[in-house]
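J.: Could you work out the structure for the sequence below:
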Amino acid sequence: MTKPPVPLGSLALAGRRYERLTLVIVFAAVMMTAIDTTAVILALPTMLGDLHTSVIVGIWVIMAYLLVLATLGTQVGRLGDMYGRVRMFNTGFFVFTAASLLCALATNGTEIIAFRAVQGIGGAMVFANSGAIIADTFPPRARGRAYGLTGVGYSTGAILGILLGGVLTTFVSWRAIFLLNLPVGIVTGLLGYWILRERSPRVSRRLDPAGMGFLAFGLVLLLGALTYIAGFGWSWTLGLELVAGGASIVGFVGWEAWFAGTPLLDLGLLQRRTLVASIFAAFFQATANLAVLFVVIMYLQGVRGLSPFASSVLLVPGYIVGATVAPFAGRSSDRYGARWIASIGLVAMLGGIFVYASLSSTSALGLVVVGSVISGIGNSTFYPSNNSEVMAGAPSGSYGVASGLLRMFTNIGTVCSFAIALLVVSLTIPRSAAFT
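T.: Below you'll find the predicted structure:
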């Protein structure tokens, strides 16, 4: 078998130097997507007012991106195994960056939802292959530390997204948060193109477009019905939409189990107990936790009447603490075992949720800082440890598929989290109070 082509810029790179440069590039990729995620949530109320659109459209600005990540994750991970993980990673970088420019130029809700979906295509290519590139580059004993440092990238990006998002939205424009991606995306994309090289043999695989179609159709119907029920109340039409969405998900499971030649859900991988446990841990963690920031932003800007900048100041300490904790959590998972460290992270995240759940319209704002710090510790402890456990449970030829599966279940959990949070919020906080 011939070796994969090596980019000219990487011929002189070897050993630890290559590992460090790979880590820098993946760090930057994770950081850029984290900046976008937290900044968009923070800017959402201002964005909706400027585009003269509804809170339901605002929810889909977030969920369009996440739905594409969820449905494309395993497929682009599989494409990475087939045609090169580095190639898919670099292409995703440029797609994400170009879509960021389009988001900045959007003039109405429909346009920004469409452009966010394109961003999701690029994000899926980056996310599904970044974990596989780390697994290709680092030996098993060093992966926990590497994932921990990429966790610092996420925390750093989240900090910058919160801070810069607050500053830019308050003093410049919400459009500037998308333009912020352009210099980072261009520079890091070029570095990835010239430095990263393929380190694993190509694997012959087939895609599963039918399975992806069943999953995407079911999720869109279910989440669309849930968001409209939250916004406008129950109707029989929305009830039928829920039934149709559920039927499509059942069809997806049946197709994967009995008919798919190369299923979206690799049944061989799902027989690996450690890998399955880690993926479902990520799913349930995402379902329980990842809409919390959205609800807290609604609370701070809607109920408490704070500006985007003032809201960001209260949330930053948690991300700073998280960035500090992540490398130690990664090293600890290498030394003591990933499952114990990940479990500690889950307990900490549960503590943060309880703090946020205690907030009222008259609570001291310092409680938001406390909740942010506890949640930051939990997130930064859970993610690197759990990622390391997923890759440890996957065969080397399937790192791309395993990474894509992890991202798929995490993102399905995230969109479910947003839908559930929206339903709960609609029962407790009037929409006029949540976004003013």
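J.: For G84, the count of nearby residues, please.
T.: When neighbours are defined as other C-beta atoms under 10 Å, G84 has 21 of them. Any C-beta I mention is one placed from the backbone N, CA and C, and that applies to glycine too.
J.: For it, give me the pLDDT.
T.: We have a pLDDT of 85 for G84.
J.: wait, doesn't it sit right on V203?
T.: No: under the criterion of C-beta atoms under 8 Å, G84 lies out of contact with V203, with a separation of 10.6 Å.
J.: any common contacting residues for these two?
T.: Taking C-beta atoms under 8 Å, 6 or more residues apart in numbering as the contact criterion, G84 and V203 have no common neighbours.
J.: Output the below-cut-off pLDDT ranges for the stretch 301-436 of the chain.
T.: When the per-residue scores of the stretch 301-436 of the chain are filtered using pLDDT under 70, the ranges that remain are 396-397, 400-401, 404, 425-436.
J.: burial measure for G393, as a count.
T.: 18.
J.: Ramachandran angles for it?
T.: Its backbone dihedrals place G393 at phi -90, psi 0, with angles given as degrees, to the nearest 10.
J.: give the contact list for it.
T.: With contact set as C-beta under 8 Å, 6+ apart, G393 has these partners: 272-275, 278, 402.
J.: I'd like to know which of the residues you listed is nearest to S385.
T.: Within the set of the contacts of G393, S278 lies nearest S385; the separation is 9.1 Å, counting by C-beta to C-beta.
J.: I'd like the next helix or strand past the helix or strand hosting that closest one.
T.: Applying DSSP states H and E as the criterion places S278 in helix 273-289. Per DSSP H and E, the first helix or strand lying C-terminal to helix 273-289 is helix 292-298.
J.: What are the buried residues along that next one?
T.: Neighbour counts over helix 292-298 (16 or more other C-beta atoms under 10 Å) mark 292-298 as buried.
J.: now do stretch 19-39
T.: 19, 21-39.
J.: same question, stretch 135-150
T.: Across stretch 135-150, burial judged by 16+ other C-beta under 10 Å covers 135-138, 142-150.
J.: among those, which two are most distant?
T.: Greatest spacing in the buried residues of stretch 135-150, by C-beta to C-beta: D136 and G148 (17.6 Å).
J.: Now do the host helix or strand of A326: distance to the chain's middle.
T.: According to DSSP H and E, A326 maps onto helix 308-336. Averaging C-alpha coordinates over helix 308-336 and over its chain gives two centres that are 16 Å apart (C-alpha atoms, centre = their mean, to the nearest Å).
J.: I'd like the buried residues of helix 292-298 as JSON lines, with pLDDT appended.
T.: What follows is these, written out as JSON lines (pLDDT from 0 to 100):
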{"residue": "V292", "pLDDT": "83"}
{"residue": "L293", "pLDDT": "79"}
{"residue": "F294", "pLDDT": "78"}
{"residue": "V295", "pLDDT": "82"}
{"residue": "V296", "pLDDT": "88"}
{"residue": "I297", "pLDDT": "82"}
{"residue": "M298", "pLDDT": "79"}
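J.: who's in contact with stretch 221-239?
T.: Residues outside stretch 221-239 that contact it (C-beta under 8 Å, 6+ apart): 54-56, 59-60, 63, 67, 241-242, 244-246, 248-249, 415-416, 418-420, 422-423, 425-426, 431.
J.: so who does the spatially closest residue to R199 that is not a sequence neighbour touch?
T.: Beyond its immediate neighbours in the sequence, the residue positioned closest to R199 (C-beta to C-beta, 6 or more residues apart in numbering) is D136, lying 4.3 Å away. Counting by C-beta under 8 Å, 6+ apart, D136 makes contact with 85, 199-200, 396, 399.
J.: in the helix or strand hosting D136, what's buried?
T.: Using DSSP H and E, the secondary-structure element containing D136 is helix 109-137. Taking 16+ other C-beta under 10 Å as the basis for neighbour counts, the residues of helix 109-137 that come out buried are 109, 112-113, 115-137.
J.: next structured bit after it?
T.: In the C-terminal direction from helix 109-137 (assignment by DSSP H and E), the next one is helix 140-171.
J.: packing partners for that following helix?
T.: When contacts are defined as 3 or more C-beta pairs under 8 Å, 6 or more residues apart in numbering; DSSP states H and E, helix 140-171 sits against helix 15-51, helix 109-137, helix 176-179, helix 308-336, helix 366-392.
J.: L315 and A158: what is the separation?
T.: With distances defined as C-beta to C-beta, to the nearest Å, the gap from L315 to A158 amounts to 9 Å.
J.: Sorry, slip of the keys, the one I care about is G148.
T.: G148 sits 15 Å away from A158 when distances are taken as C-beta to C-beta.
J.: Repeat that for P201.
T.: 36 Å.
J.: In PDB, list the C-alpha atoms belonging to the helix or strand harbouring L240.
T.: Secondary-structure assignment from DSSP H and E places L240 in helix 236-254. Extracted in PDB, the C-alpha atoms of helix 236-254 (Å, rounded to 0.1, in the frame of the first residue of the first chain):
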ATOM      1  CA  TRP A 236     -53.000  18.900  16.700                       C
ATOM      2  CA  THR A 237     -50.800  19.700  13.800                       C
ATOM      3  CA  LEU A 238     -47.800  19.900  16.100                       C
ATOM      4  CA  GLY A 239     -48.900  16.700  17.700                       C
ATOM      5  CA  LEU A 240     -48.900  14.900  14.300                       C
ATOM      6  CA  GLU A 241     -45.500  16.400  13.700                       C
ATOM      7  CA  LEU A 242     -44.200  14.900  16.900                       C
ATOM      8  CA  VAL A 243     -45.600  11.500  15.900                       C
ATOM      9  CA  ALA A 244     -44.100  11.700  12.400                       C
ATOM     10  CA  GLY A 245     -40.700  12.700  13.900                       C
ATOM     11  CA  GLY A 246     -40.800   9.800  16.300                       C
ATOM     12  CA  ALA A 247     -41.700   7.400  13.500                       C
ATOM     13  CA  SER A 248     -38.700   8.700  11.500                       C
ATOM     14  CA  ILE A 249     -36.400   8.000  14.500                       C
ATOM     15  CA  VAL A 250     -37.800   4.500  14.800                       C
ATOM     16  CA  GLY A 251     -37.300   4.100  11.100                       C
ATOM     17  CA  PHE A 252     -33.700   5.200  11.500                       C
ATOM     18  CA  VAL A 253     -33.100   2.600  14.200                       C
ATOM     19  CA  GLY A 254     -34.700  -0.100  12.200                       C
END
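J.: Thanks again, I'm all set now.
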